[in-house]
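> Next come a sequence and a model predicted from it.
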Amino acid sequence: MKLRTLIDAAGLAKLAQDRNVLIVDCRFDLADATRSARDYAQAHIPGAVYADLNRDLSDLSKQGLGRHPLPDVSAFSAALGRWGWTPEMPVIAYDTANGALAAARLWWMLRLAGAQDVAVLDGGLQAWTVAGLPMTSDIPPRVPTQVSVEFDPAQIIYTDALAQMLQKPQMLLVDARAAPRYRGETEPLDRVAGHVPGARNRFFGENLAADGRFKSPAVLRAEFEALLGTHAPDDVVNMCGSGVTACHNLLAMEHAGLAGSRLYAPSWSGWSSDPKRPVATG
């Protein structure tokens, strides 16, 4: 059975024993971009490689596309090759932010590139350590591979396309940021506070139960269906601050059986970079 969305700590421990698997540590600290690499070097799940959000899962040299622009497929292919990935190899991503920074981002990028056997560790590194499973500081040797992937452009929305989509009543934009940022009461990162007019709010943290693991598929489905109303998943575009935590909602929707939504990759940081674009508050 191929991995689709989530795997628990016990399942990952067994998978790592039974199959050739790529485990990727995606921890990232927005306040200190170098901290998580240091934390990885001190202790990580045995066999895990490290993916840096700014360097491996983004291309910060791109202008006007938000704070975390998607890298070119050639750069992402090179990263996958450094990690020794092959298309038939399952991938498990984890972080310490319940998937939001930035395990769900890697999950979505791999799905975008056509990978089918990929999941996020439910509960993240905390679930692994609570289960009493081992950690190590050993950096795993990986045999580099030649990888060439392509992104499915139909799953990525940019600003001009989004502006046109918002004119269609069947389309729905869902913002994954915390409610105070969505309402425009605070904005710690981007040029202006508020949200794209017409967007609805679904804070990604609402996908999680009290123990930090994802809610059940049935609960998630009921909650998202209440949010979406008559909108089909294919008509949903997810966004956040920079195109990272929105992937948490994409993951939750697919876990709930509501696959097919897309990502507005520049997200609020891209939209709000142009003062001519409209901003809603409240």
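Cool, got the structure. As the structure is a prediction and not an experimental result, all values here were calculated from the model. Residues are numbered from 1 along each chain as shown.

> now what about stretch 164-172, what contacts it?
157, 173, 196-198, 200, 228, 231-232, 235-237 (Cβ atoms under 8 Å, 6 or more residues apart in numbering). (Each C-beta comes from the backbone N, C-alpha and C, glycine too.)

> Which of those residues fall in strands?
Mapping the contacts of stretch 164-172 onto strands (DSSP state E) picks out 157, 173, 200, 236-237.

> ok so, going back, what subset of the contacts of stretch 164-172 is buried?
157, 173, 196, 228, 231, 235-237 (16 or more other Cβ atoms under 10 Å).

> okay, those residues in a markdown table with pLDDT and distance to residue 44 next?
Formatted as a markdown table, these follow (pLDDT from 0 to 100; distance: Cβ to Cβ, whole Å):
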| residue | pLDDT | distance to residue 44 |
| --- | --- | --- |
| 157 | 98 | 34 |
| 173 | 98 | 36 |
| 196 | 98 | 37 |
| 228 | 98 | 37 |
| 231 | 97 | 40 |
| 235 | 97 | 39 |
| 236 | 98 | 34 |
| 237 | 98 | 34 |
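
> With respect to residue 14, which of these is nearest?
residue 236 (34.1 Å; Cβ to Cβ).

> That closest one contacts residue 263, correct?
No: the criterion here is Cβ atoms under 8 Å, and residue 236 misses it with residue 263 at 10.2 Å.

> Low-confidence stretches in the stretch 1-150 of the chain?
The model of the stretch 1-150 of the chain has no residue with pLDDT under 70.

> Tell me which stretches of it form strands.
6-7, 22-25, 49-50, 91-94, 118-121 (DSSP state E, counting those that start in this stretch).

> sorry, back to before: widest-spaced pair of the ones in strands among the contacts of stretch 164-172?
157 and 200 (15.9 Å).
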